[in-house]
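Chemist: fold the following for me, if possible:
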Amino acid sequence: MSDESPLIRSLRAAVAAAPEDVPLRLHFTELLLAEGRHDEAVAQAAIALQHAPGDEAVRDLMVRAMQLPPVGPRPPVFDWAAAEQEVAGVVGPRFASGPADAGDPADAGDAVETPLTADGGGDPGDASAWDVDSPGDVRLADVGGMQQVKDRLEAAFLAPMRNPELRKLYGKSLRGGLLLYGPPGCGKTFIARAVAGELGAGFMSVSLSDILDMYIGTSEKNVHAVFEAARRQAPCVVFLDELDALGAKRSRMHHSGLRNVVNQLLTELDGVNAVRNDGVFVLAATNVPWDVDLALRRPGRLDRTLLVLPPDAPARESILRYHLRERPIESVDLGKIVKITEDFSGADLAHLCESAAEYALLDSARSGTVRMIGTKDLLNAAKQIKPSSESWFAAARNVAMFANDGGIYDDLVTYLKKKRKL
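Modeler: Alright, predicted model coming up:
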């Protein structure tokens, strides 16, 4: 580092001698930013965050070092506790038991994403025409339950980013690919956005409709433009939604255009330009991983898989609370509802709350007297809803039994045996 100024050299030595001195490290980081050394600044800010995780100045400096737009505050949340105290003598408590500690999980079912579009009507093949969203302040803590999923994500992506010195020691690169698979409606999209929030990274959600074009060669240009946009604004999470459509097995394709899209996707994931993917994290989701082209799952690409199952009991309670938070309810026994909704996806639970609200609304309209949503409404709704994951597990069972080559679906086999479905 012969090109360093004497001040930088002296501060580097001072920081090494006093690693817990956060103000000193922040001053050092500011000087690195002034000299345009953003990568080093990110590493220093990450260390400062370890010592002062709640310090707003440190978080702001990390955002500046990553060259991301500042994150705005959460919108104000309605104070239900205060409202309940005001009407305590008129209506009963909202839930039969005390509220859980978990906050709003923001639906652990698949979140609705803003389509990835070219702004201003520009050429979609131009990287500057694609938007990179900010994930806001969504974190994995907002995902109810699913601790095993969180632990795998921590090992695959989050720990290397939070510990730059250990990352360098163990030769861990700032790029990688992970395939999320499982039944529909279980929160794969929301988990991907939460990973981007944990990394302080940009977020791009890409589906087949964003890529496919009627003109020859344009679809491949779109794939390249998406990755170029992510590289320019790294760190960035590229989320490939419904990978079975975007990266289907080429042996089953009769249209050369789709085969070329898969070929271009492989080129972007590795090849001669692989070194340029530092800071680009590729997450993909599919309900049918057995339909994904095998080349996409080779080492260095989407080589790690993570089974995202229907929400467990803590997650189901969090999701139910979230979807009932703005509805008129009284003395709802969530424990009873949680017990009878095993194997329900996040989307199923959202539908359950919607159906219960319909029962209470129809009853109020018929009687002419407005009433609250109660446990009985939710129980009646649960009886009418069949878990959407059942058909998926029926298909997955055959794959686990007869197509588990190389143990790629061992986690699925373990789950099916545990549930006595295999």
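Chemist: let me see the ranges of the helices in the stretch 201-350 of the chain.
Modeler: Assigned helices in the stretch 201-350 of the chain, in chain order: 208-211, 218-232, 243-246, 256-269, 313-324, 334-339, 346-367 (criterion: DSSP state H, counting those that start in this stretch).
Chemist: how about a markdown table for those helices, with mean neighbour count, mean pLDDT and distance to V280 added?
Modeler: To be clear about C-beta, it is placed using only N, CA and C from the backbone, and glycine gets the same treatment. A markdown table is the format used below for the helices of the stretch 201-350 of the chain (neighbours: other Cβ atoms under 10 Å; pLDDT from 0 to 100; distance: least, Cβ to Cβ, whole Å):
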| stretch | mean neighbour count | mean pLDDT | distance to V280 |
| --- | --- | --- | --- |
| helix 208-211 | 19 | 88 | 17 |
| helix 218-232 | 20 | 90 | 5 |
| helix 243-246 | 23 | 89 | 16 |
| helix 256-269 | 19 | 85 | 9 |
| helix 313-324 | 23 | 92 | 29 |
| helix 334-339 | 17 | 95 | 39 |
| helix 346-367 | 18 | 93 | 28 |
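Chemist: out of the ones you listed, which gets nearest to N404?
Modeler: Nearest to N404, of all these, is helix 243-246, at 18.0 Å by Cβ to Cβ.
Chemist: residues contacting the closest one, please?
Modeler: Helix 243-246 is touched from outside by 179, 206-208, 211, 240, 261-262, 265, 284-289, 291-292, 296, 302, with contacts defined as Cβ atoms under 8 Å, 6 or more residues apart in numbering.
Chemist: just the buried subset of those residues, written out for ChimeraX, thanks.
Modeler: Only the buried entries of the contacts of helix 243-246 go into this ChimeraX selection, using 16 or more other Cβ atoms under 10 Å:
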select :179,206,207,208,211,240,261,262,265,284,285,286,287,288,289,292,296,302
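Chemist: which residue ranges of the stretch 51-200 of the chain form strands?
Modeler: Listed in chain order, the strands of the stretch 51-200 of the chain (DSSP state E, counting those that start in this stretch) span 176-181.
Chemist: can you list the domains in this protein?
Modeler: By the record's domain assignment, the chain is partitioned as 10-65, 119-307, 389-418 (automatic domain parsing).
Chemist: out of those domains, which one sits most buried?
Modeler: Between these, domain 119-307 has the highest mean count of neighbours, a mean of 19, where neighbours are mean count of other Cβ atoms under 10 Å.
Chemist: chain center to it: distance?
Modeler: Averaging C-alpha coordinates over domain 119-307 and over its chain gives two centres that are 11 Å apart (Cα atoms, centre = their mean, to the nearest Å).
Chemist: and what of stretch 400-419?
Modeler: Centroid displacement of stretch 400-419 relative to its chain, using Cα atoms, centre = their mean, is 24 Å.
Chemist: can you get me the start-to-end distance on it?
Modeler: One end of stretch 400-419 sits 14 Å from the other (Cα to Cα, to the nearest Å).
Chemist: residues in contact with it?
Modeler: Stretch 400-419 is contacted by residues P289, W290, R297, T305, L307, L309, F393, A396, R397, V399, L422 when judged by Cβ under 8 Å, 6+ apart.
Chemist: so which of the residues you listed belong to strands?
Modeler: By the criterion of DSSP state E, membership of the contacts of stretch 400-419 in strands covers T305, L307.
Chemist: with distance to S318 added, can I get the domains of the chain in TSV?
Modeler: Output for these, formatted as TSV (distance: least, Cβ to Cβ, whole Å):
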stretch	distance to S318
domain 10-65	23
domain 119-307	3
domain 389-418	18
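Chemist: of the ones you listed, which approaches D363 most closely?
Modeler: Among those, the nearest to D363 by Cβ to Cβ is domain 119-307 (27.8 Å).
Chemist: need the helix or strand of this protein with the lowest average pLDDT.
Modeler: The element with the least model confidence among the helices and strands of the chain, by mean pLDDT, DSSP states H and E, is helix 80-86, at a mean of 61.
Chemist: still on that earlier bit, so for A14, which of the helices of the stretch 201-350 of the chain sits nearest?
Modeler: Proximity to A14 (Cβ to Cβ) singles out helix 218-232 among those, at 33.9 Å.
Chemist: using PDB, list the CA coordinates for that closest one.
Modeler: Backbone C-alpha positions of helix 218-232 (Å, rounded to 0.1, in the frame of the first residue of the first chain) are rendered in PDB as follows:
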ATOM      1  CA  THR A 218     -33.500  -9.300 -26.800                       C
ATOM      2  CA  SER A 219     -34.200 -11.800 -24.000                       C
ATOM      3  CA  GLU A 220     -30.500 -12.600 -23.600                       C
ATOM      4  CA  LYS A 221     -29.700  -8.800 -23.600                       C
ATOM      5  CA  ASN A 222     -32.200  -8.400 -20.800                       C
ATOM      6  CA  VAL A 223     -30.500 -11.100 -18.700                       C
ATOM      7  CA  HIS A 224     -27.200  -9.400 -19.200                       C
ATOM      8  CA  ALA A 225     -28.600  -6.000 -18.400                       C
ATOM      9  CA  VAL A 226     -30.100  -7.200 -15.100                       C
ATOM     10  CA  PHE A 227     -26.700  -8.500 -13.900                       C
ATOM     11  CA  GLU A 228     -24.900  -5.500 -15.100                       C
ATOM     12  CA  ALA A 229     -27.300  -3.300 -13.100                       C
ATOM     13  CA  ALA A 230     -26.700  -5.400 -10.000                       C
ATOM     14  CA  ARG A 231     -22.900  -5.200 -10.500                       C
ATOM     15  CA  ARG A 232     -23.000  -1.500 -10.800                       C
END
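Chemist: now do it: which elements does it pack against?
Modeler: Identification of packing neighbours for helix 218-232 by 3 or more Cβ pairs under 8 Å, 6 or more residues apart in numbering; DSSP states H and E yields strand 202-206, helix 208-211, strand 236-240, helix 256-269, strand 280-286.
Chemist: and for E326, the neighbour number?
Modeler: One way to gauge burial is a neighbour count; for E326, by other Cβ atoms under 10 Å, it gives 9.
Chemist: pLDDT score for the residue nearest to A360 when sequence neighbours are not counted?
Modeler: On the basis of Cβ to Cβ, 6 or more residues apart in numbering, the spatially nearest residue to A360 that is not a chain neighbour turns out to be I373, at 4.5 Å. At I373, the model reports a pLDDT of 94.
Chemist: check contacts around I373.
Modeler: If you count contacts by Cβ under 8 Å, 6+ apart, I373 has them with L324, R327, P328, I329, E330, V332, A356, A357, Y359, A360.
Chemist: what sits opposite the closest residue to P289 other than its chain neighbours in the beta ladder?
Modeler: Using Cβ to Cβ, 6+ apart and skipping residues adjacent in sequence, the residue nearest P289 is Y181, 4.2 Å away. In this entry, Y181 is beta-bridged to T286, L307, by DSSP bridges.
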